[in-house]
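# Predicted model and sequence below, questions to follow.
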Amino acid sequence: MGKERLVNYLNQLQNENKNLFVPYIMAGDGGLNKLKERTLFLQNCGVAAIEVGIPFSDPVADGPTIQNAGKRSLDNDTTLTAVLEELESFKDERTVTIIIMAYSNPIYRYGIERFTASCVHAGIDGLIIPDLPLEEEKMVTDALQQSSVAFIRLAALTSSRERIKTLAHRSEGFLYAVTVTGTTGVRTSYETKVKTYLHQLKQQSPVPVLAGFGVSTSKQAKELSSYCDGVVVGSKIVDLFHEGKTEEIKQLIQASI
Amino acid sequence: MITYTMPDSHGRFGNFGGRYVPETLMPALLELEEAYEEAINDPTFCKELNDYLTHYIGRETPLYYAENLTKKLAGPQIYLKREDLNHTGAHKINNTIGQALLTLRMGKKKVVAETGAGQHGVATATVCSLLGLECVVFMGEEDMRRQKLNVFRMELLGAEVRSVKNGSGTLKDAVNDALRYWVANVEDTHYILGSVVGPHPFPKIVRDFQSIIGKETKQQILKQDGSLPDAIIACVGGGSNAMGMFYPFIEDEQVKLYGVEAGGAGLDTNQHASVLVHPSPGILHGTMTNLLQDTHGQIQEAFSISAGLDYPGVGPEHSHLNDTRRVAYVSITDDEAVTAFQTLCQAEGIIPALESAHAIAFAEKLAMQMDSEQTLVICLSGRGDKDVEQIKHVLEDK
């Protein structure tokens, strides 16, 4: 479980010369019972990890697609407690690595130490918190360091050289490279500086670098993966699951890796 | 004698404050902190700010001895700090002029802001018009409906008002969208936050710009009455007028400080905005503070007749001052505020903002425990022209 498993899993895929592909799904969107079905489906598509989003009432890092998915999920009364219990219930049936993506407040309310223990229990391998920068990460790192759960840091296009260096060295499992100056959601193009930025991250990072925010097509995924190790795709996957277009998800992943 | 030096270098007020934001915004917050520290130590900046405060905004504002209200309540001598007499009709412009000058200093040409009732939006649009800055204001759909005239005011001043349909369509949702807009445009845009909330350094910057209220009050009361007041009352939504009033008095322990939160339909209902009555710490809009939230950490909606107090959080410094008991936080219901609104109209010929009416309502209660040898200062944070139509409807429904 955890860091080691995540590192090994990503290594193994890279050794097979594959681009890493990490889809994001919103837990509880369509009902919490969909979580198992979607996780196992994505596992069969050959993804590197699955980012499981926890809904939050005020998701400031997210664009309209994930905001709406979060709202649908909260309307279904999804809670962090219930998601962790659900993930625990089928941990023996999955081989793919699982990363929790949650805003600070639900984790803080749950209790950091209790949350870490529940993650270990539920077979969670990594954690991403989009509103917890270097300055505040001590809130979770003390507890996480005692556990096997990888704490994945996010780098941004606006990050200074120094911050990038720190983020790359601290990140566990992989480094999440935010490739747009903005919120999550489908984009048709990227700023030209994304290439140099990913190149810089690759040079600094001892762990794989995955590009995310705005990626929606296999063409974008392939292009970005040529500068780093792979991509995270959120809004597009969320939309396709919501519309029931699972075949398209499979095609998107297989054309990207 | 206590010495008070909050926040610390991490933007912490005791257990509260901090910077819980996406990495994309961190460099902008660090840049802002540096620019702010440089600016306030630069005599040219301070002079420019003071010139605008004096000649454009109309400071200093009077500390008015409210003789009729004093007689009516038959308690302490009552003074009103007349922030309603500022240009644009509220204390909000004390902050927006300062932050707009900072925007220019940072070489940025665009500004984004959130607004609830529209007072901060108008104050932002005003200074942007004055200083030639582009201005986008996010406002909840519900608030736009409630405050049509303020929307038109902002547009007249050249601002673009964007409607926020998410959530309850009120202030909390407007802050979310303003933050998202800032994340996407951070390289050329400054976010003029309107209250002592949000990530560090905003709670400090807004407090400092608003502390002109308390500084003037202190000088004025010493001159007019010869001693410091026994008590000061201010309303608290995010809490910027209160922080600006309280801050220069924090070390004067003999002065009792009261923050008045909105009690909405009553504390026994779930329709209120009294965050500090049952403190529940959490993280919202980039800061650790007390919140209205459920057991799973989802933020709940706040309710108040007053759009300016309709916020499910409170400035982190208020959370700290509540923990240390330096400030006593109390709650006033919609009904009590409406009654106090009428009281001030009739006693003094002053139409207060509904927000400020909460402070007046608490003064009526506190006055009963004070005597004529004592003095009480109320921060009259804004004028009530914007609320007249709403009050008309409320009174007609009774």
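Okay, I see it.
# Which stretches in the stretch 1-150 of chain A count as helices?
Here the stretch 1-150 of chain A has its helices, by DSSP state H, counting those that start in this stretch, at A:2-15, A:34-45, A:64-75, A:80-89, A:104-110, A:112-121, A:138-145.
# Name the stretch among those helices that sits most buried.
With neighbours taken as mean count of other C-beta atoms under 10 Å in any protein chain shown, the helices of the stretch 1-150 of chain A reach their highest mean count in helix A:104-110, at a mean of 23. For glycine as for every other residue, the C-beta is placed from the backbone atoms N, C-alpha and C.
# Do me a favour and get the end-to-end distance for stretch A:85-104?
Using C-alpha to C-alpha, to the nearest Å, the end-to-end distance of stretch A:85-104 comes out at 19 Å.
# coming back round to it: out of the helices of the stretch 1-150 of chain A, which is closest to B:Gly382?
helix A:104-110 (30.9 Å; C-beta to C-beta).
# counting contacts, what elements does that closest one pack onto?
In terms of contacts (3 or more C-beta pairs under 8 Å, 6 or more residues apart in numbering or on different chains; DSSP states H and E), helix A:104-110 is packed against helix A:80-89, helix A:138-145, strand B:281-284.
# The helix or strand that the second one is followed by near chain B at all?
Going down the chain from helix A:138-145, the next helix or strand is strand A:150-151, by DSSP states H and E. No: shown here: strand A:150-151 not in contact with chain B (C-beta under 8 Å from any C-beta of the partner chain), separated by at least 13.7 Å.
# what about B:Val330, which SS state?
Following DSSP: H, G, I helix; E, B strand; the rest coil, B:Val330 is assigned to strand.
# Pull the contacting residues for residue 126.
Looking at chain A here, since you left the chain open. A:2-3, A:6, A:49, A:97-100, A:149-152, A:172-173 (C-beta atoms under 8 Å, 6 or more residues apart in numbering or on different chains).
# look at chain B instead
Applying C-beta under 8 Å, 6+ apart to B:Thr126 gives the contacts B:87-88, B:93, B:96, B:157.
# so which of those would you say is closest to chain A?
Proximity of the contacts of B:Thr126 to chain A (C-beta to the nearest C-beta) peaks at B:Thr96, which lies at 22.1 Å.
# can you give me the strands for chain B?
B:12-13, B:16-17, B:63-65, B:77-82, B:110-115, B:134-140, B:160-164, B:189-191, B:231-235, B:256-264, B:281-284, B:287-290, B:327-333, B:375-380 (DSSP state E).
# of all the helices of the stretch 1-150 of chain A, which lies closest to B:Leu344?
B:Leu344 lies closest to helix A:104-110 among the helices of the stretch 1-150 of chain A, at 38.5 Å (C-beta to C-beta).
# how far does that closest one sit from the chain's center?
Per C-alpha atoms, centre = their mean, to the nearest Å, the displacement of helix A:104-110 from the mean C-alpha position of its chain is 18 Å.
# Let me see the residues that make contact with it.
A:54, A:56, A:80-81, A:115, A:118, A:129, A:131-132, A:136, A:139-140, B:20, B:281-284, B:291, B:293, B:295-299.
# For the residue nearest the centre of chain B, list the residues it contacts.
Central residue of chain B (C-alpha atoms, centre = their mean): B:Ser240, 3.0 Å from the mean position. Contacts for B:Ser240 (C-beta under 8 Å, 6+ apart) come out as B:91-92, B:95, B:194-196, B:206-207, B:210, B:315.
# just the residues you listed that are near chain A?
The overlap between these and the neighbours of chain A (C-beta under 8 Å from any C-beta) is empty.
# what residues does the stretch 151-257 of chain A put near chain B?
Counting by C-beta under 8 Å from any C-beta, the stretch 151-257 of chain A sits next to chain B at A:153-160, A:163, A:167, A:178, A:180-183.
# Find the pair from these with maximum spatial separation.
A:Ser160 and A:Thr183 (21.3 Å).
# neighbour count winner among these two?
Each of A:Ser160 and A:Thr183 has its neighbours counted (other C-beta atoms under 10 Å in any protein chain shown); A:Thr183 has more, 27 against 12.
# Flag the shaky bits of the chain, pLDDT-wise.
Chain wasn't specified; assuming chain A. Under the criterion pLDDT under 70, the flagged ranges of chain A are A:1.
# switch to chain B, that's the one I care about
B:1.
# residues from it in reach of chain A?
For chain B, the contact set with chain A under C-beta under 8 Å from any C-beta comprises B:10, B:18-28, B:166-167, B:172, B:176, B:179-180, B:183-187, B:281-286, B:291, B:293, B:295-299.
# Mind checking which of the residues you listed are buried?
With burial judged by 16 or more other C-beta atoms under 10 Å in any protein chain shown, the buried subset of the residues of chain B next to chain A is B:18-28, B:166-167, B:172, B:176, B:179-180, B:183-186, B:281-286, B:291, B:293, B:296-299.
# Could I get the contacting residues of the nearest residue to A:Leu87 once chain neighbours are set aside?
In space, and not counting its chain neighbours, A:Leu87 is closest to A:Ala122: 4.4 Å by C-beta to C-beta, 6 or more residues apart in numbering or on different chains. Contacts for A:Ala122 were tallied using C-beta under 8 Å, 6+ apart; they are A:84-85, A:87-88, A:91.
# Just the closest of those to chain B, please.
Distance to chain B, by C-beta to the nearest C-beta, is smallest for A:Leu84 among the contacts of A:Ala122, at 11.7 Å.
# Please check the contacts of A:Gly126 and keep the buried ones.
Taking 16+ other C-beta under 10 Å as the criterion, what is buried in those is A:2-3, A:6, A:49, A:97-100, A:149-152, A:172-173.
# quick one: which of the residues you listed is nearest to chain B?
The shortest gap between chain B and any of these belongs to A:Ile152, at 12.0 Å (C-beta to the nearest C-beta).
# list the contacts for that closest one?
Taking C-beta under 8 Å, 6+ apart, one finds A:99, A:126-128, A:171-176 in contact with A:Ile152.
# can you count the residues close to B:Ile233?
Using other C-beta under 10 Å, B:Ile233 is surrounded by 28 other residues.
# Test my guess that it contacts B:Phe362.
Yes: the pair B:Ile233 and B:Phe362 qualifies as a contact (C-beta atoms under 8 Å) at a distance of 5.6 Å.
# got JSON lines for the contacts of A:Ile152, with distance to A:Ser235 too?
As requested, the contacts of A:Ile152 are exported to JSON lines (distance: C-beta to C-beta, whole Å):
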{"residue": "A:Ile99", "distance to A:Ser235": "17"}
{"residue": "A:Gly126", "distance to A:Ser235": "20"}
{"residue": "A:Leu127", "distance to A:Ser235": "21"}
{"residue": "A:Ile128", "distance to A:Ser235": "16"}
{"residue": "A:Ser171", "distance to A:Ser235": "23"}
{"residue": "A:Glu172", "distance to A:Ser235": "25"}
{"residue": "A:Gly173", "distance to A:Ser235": "22"}
{"residue": "A:Phe174", "distance to A:Ser235": "20"}
{"residue": "A:Leu175", "distance to A:Ser235": "21"}
{"residue": "A:Tyr176", "distance to A:Ser235": "15"}
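# Inside strands: which ones of those?
Reading strands off these with DSSP E, I get A:99, A:126-128, A:175-176.
# among these, which two are most distant?
Farthest-apart pair in the ones in strands among the contacts of A:Ile152 is A:Leu127 and A:Leu175; separation 13.8 Å (C-beta to C-beta).
# Compare those two and say which is more crowded by neighbours.
Using other C-beta under 10 Å, the more surrounded residue of A:Leu127 and A:Leu175 is A:Leu175, with 27 against 23.
# need the contact list for the more buried one.
A:Leu175 neighbours (C-beta under 8 Å, 6+ apart): A:152-153, A:155, A:167-168, A:201, A:205, A:207-210.
# what's the nearest residue to the residue in the stretch 251-398 of chain B that chain A sits nearest to if we skip its chain neighbours?
Chain A sits closest to B:Gly297 of the stretch 251-398 of chain B, with a gap of 3.3 Å, by C-beta to the nearest C-beta. Counting by C-beta to C-beta, 6+ apart, B:Gly297 lies nearest to A:Arg109, which is 3.3 Å off, once chain neighbours are set aside.
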